[in-house]
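S.K.: Only the shape, not the letters, is given here:
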């Protein structure tokens, strides 16, 4: 769980967005939660993003997996105010991903 939620004891939609981002990253990489967002950021910076994707997660088109990764990282922003809105931002991206994957 995100530190902000633990500190305040409040579960908000921004906490849910953070958790969703972590779930997406775990599905894409099959790596442990601790330090996961930073690990993915480093892979992007190093140009090795494709190498950290879990091959057992299926044969995802790279561009789709990359788009989901960037969405997940936005969801994992340290400040809740920097995270996307669940309904307008996250849902919009997921709908477009779903439409392009069919």
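M.R.: Arrived safely. Given the structure is predicted, the values throughout are model-derived calculations rather than measurements.

S.K.: going forward, measure contacts and count neighbours with C-alpha atoms only.
M.R.: Will do.

S.K.: For stretch 37-51, which residues meet the burial criterion?
M.R.: The neighbour-count check on stretch 37-51 (16 or more other C-alpha atoms under 10 Å) flags 37, 40-41, 44, 49 as buried.

S.K.: what mean pLDDT would you report for that stretch?
M.R.: For stretch 37-51, mean pLDDT rounds to 96.

S.K.: ok, and for the longest helix along the chain, which residues are buried?
M.R.: Identified as the longest helix of the chain according to DSSP state H is helix 13-29. Using 16+ other C-alpha under 10 Å as the test for burial, helix 13-29 gives 14-22, 24-26, 28-29.

S.K.: Tell me the one of those residues nearest residue 87?
M.R.: residue 17 (10.0 Å; C-alpha to C-alpha).

S.K.: circling back to that earlier point, after the longest helix of the chain comes which helix or strand?
M.R.: helix 36-46 (DSSP states H and E).

S.K.: now the helix or strand following that following helix, how far from the centre of its chain.
M.R.: Downstream of helix 36-46, the first helix or strand assigned by DSSP H and E is helix 49-52. Offset of helix 49-52 from its chain centre (C-alpha atoms, centre = their mean, to the nearest Å): 14 Å.

S.K.: Likewise for stretch 56-71?
M.R.: 11 Å.

S.K.: For it, the averaged confidence score.
M.R.: 89.

S.K.: List the contacts of that stretch.
M.R.: With contact meaning C-alpha atoms under 8 Å, 6 or more residues apart in numbering, stretch 56-71 is reached by 21, 24-25, 27-28, 49-50, 90, 93, 97, 101.

S.K.: How about stretch 33-46?
M.R.: 22, 25-26, 49, 52, 73, 76.

S.K.: okay if I get the contacts of stretch 56-71 as JSON lines plus distance to residue 58?
M.R.: JSON lines is the format used below for the contacts of stretch 56-71 (distance: C-alpha to C-alpha, whole Å):
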{"residue": "21", "distance to residue 58": "19"}
{"residue": "24", "distance to residue 58": "14"}
{"residue": "25", "distance to residue 58": "14"}
{"residue": "27", "distance to residue 58": "10"}
{"residue": "28", "distance to residue 58": "9"}
{"residue": "49", "distance to residue 58": "16"}
{"residue": "50", "distance to residue 58": "13"}
{"residue": "90", "distance to residue 58": "22"}
{"residue": "93", "distance to residue 58": "20"}
{"residue": "97", "distance to residue 58": "16"}
{"residue": "101", "distance to residue 58": "13"}
